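Chemist: Give me a model of this one.
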Amino acid sequence: MRLPPQFPVGPFEQLYPPTRDPLVAEIEAFPAAVAAEVSGWSDARLDTLYKNWTARQIVHYMADSHVNAYIRFKWTLTEDNPTIKPYREGEWAALDDSRTGDIAAPLALLQGVHRRWVQLMRTMTEGQWTRSFHHPESGEDVPLTESVQLYAWHGRHHLGQLKWLREYHDW
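Modeler: The predicted model follows:
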């Protein structure tokens, strides 16, 4: 049995200078890519583990995580270096809605929040991209130009987990 890779698309690497337009386009395309990947998956497939989470939990988590990302962008654009609220993603993923819930709702949420987030990012000025939020766990100030890179990678990473499951199990 081959173990799932920690980073199916490789670890996050920050780009200097970032190429925002392709990153925003990637974020825009992400919900459709996830929906296409899990289209027609049975409950048994959705309940297959990738390390500690099932495919179902990964889909629910992506929606939860990217809603938080969108809100972080809004706070950063409307407040001076706001301190974001971290959340316990493992505990969110362990809730019954994520463990057993239909994936139609998180897929729809992912599509809606990404449409809204992309609309926001495409209206941002150069100065707005340099605005930062404070992450209380890392102690770092994170500029939005870095955050967009992280979330584009984050989508690739979790989509890579789903693809690995499909390929490994020959679905």
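
Chemist: where along the protein do the strands fall?
Modeler: 49-50, 53-54, 132-135, 140-143 (DSSP state E).

Chemist: So which elements touch the longest helix seen in the chain?
Modeler: Identified as the longest helix of the chain according to DSSP state H is helix 144-169. When contacts are defined as 3 or more C-beta pairs under 8 Å, 6 or more residues apart in numbering; DSSP states H and E, helix 144-169 packs onto helix 20-38, strand 49-50, helix 55-78, helix 126-129, strand 132-135. C-beta coordinates here come from the backbone N, C-alpha and C atoms, glycine included.

Chemist: same thing but 6 Å
Modeler: Packing partners of helix 144-169 (3 or more C-beta pairs under 6 Å, 6 or more residues apart in numbering; DSSP states H and E): helix 20-38, helix 55-78.

Chemist: Specify which residues of this structure, grouped into ranges, have pLDDT under the cut-off.
Modeler: Scanning the chain for pLDDT under 70 picks out 1.

Chemist: on that earlier part again, enumerate the positions of the longest helix of the chain that are buried.
Modeler: For helix 144-169, a neighbour-count test (16 or more other C-beta atoms under 10 Å) marks 144-149, 151-162, 164-165 as buried.

Chemist: any idea of the angle it forms with helix 20-38?
Modeler: 30 degrees (axes from the mean of the first three to the mean of the last three C-alpha atoms, to 10 degrees).

Chemist: any idea how far helix 144-169 is from the chain center?
Modeler: Distance of helix 144-169 from the chain centroid (C-alpha atoms, centre = their mean, to the nearest Å) equals 7 Å.

Chemist: Now do Ser138 against Trp75, distance only.
Modeler: For Ser138, the distance to Trp75 (C-beta to C-beta, to the nearest Å) stands at 16 Å.

Chemist: ok, these two, which is more surrounded?
Modeler: Between Ser138 and Trp75, counting by other C-beta atoms under 10 Å, Trp75 is the more crowded of the two (16 against 9).
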